[in-house]
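> sequence first, predicted coordinates after that:
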Amino acid sequence: MIVSMIQLIFEIPEAGSIKDKRRIVSSLKEKLLRRFHISAAEVDLQDSLAFAQLGGAVVSNSRQFGESVLHKALAMIENDVPVRIQDVQIYSEEF
């Protein structure tokens, strides 16, 4: 079993309140699940208004497949979501 993971830190320039930030983060998590079957959660920076840290994972039997799904998801985030990505890490582990 291969678990491919992504960790993103991004800035949310449109967030004027924590409520705005949560709306954007929740929408992003739903898109990742619906389009790419990626399980995602906000893992840090919950108290920050301007930044969020999201972690996501895909379970598959191929490192290449899992990481390609995460790279496609990253491209969608860069093009379709109103955030500025500050840091990205994509990696896989075999269990």
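Thanks, I have the structure now. Small disclaimer: the values here were computed from a predicted structure and weren't measured.
> where along the chain do the strands fall?
2-11, 39-44, 51-60, 84-94 (DSSP state E).
> got the ones you listed as CSV, with distance to L32, mean pLDDT and mean neighbour count columns?
C-beta: built from backbone N, CA, C; applies to glycine. CSV is the format used below for those (distance: least, Cβ to Cβ, whole Å; pLDDT from 0 to 100; neighbours: other Cβ atoms under 10 Å):
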stretch, distance to L32, mean pLDDT, mean neighbour count
strand 2-11, 9, 95, 19
strand 39-44, 5, 93, 14
strand 51-60, 6, 95, 19
strand 84-94, 13, 94, 13
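> can these go into TSV with extra columns for distance to V25?
What follows is the strands of the chain, written out as TSV (distance: least, Cβ to Cβ, whole Å):
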stretch	distance to V25
strand 2-11	9
strand 39-44	6
strand 51-60	5
strand 84-94	14
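> surely S4 meets G55?
No - with contact defined as Cβ atoms under 8 Å, S4 does not reach G55; the gap is 11.9 Å.
> list the contacts for the residue positioned nearest the centre of the chain?
In the chain, the residue lying closest to the centroid (Cα atoms, centre = their mean) is L54, at 4.9 Å. The contact partners of L54, taken as Cβ atoms under 8 Å, 6 or more residues apart in numbering, are I6, Q7, L8, F10, V25, L28, K29, A40, A41, E42, V43.
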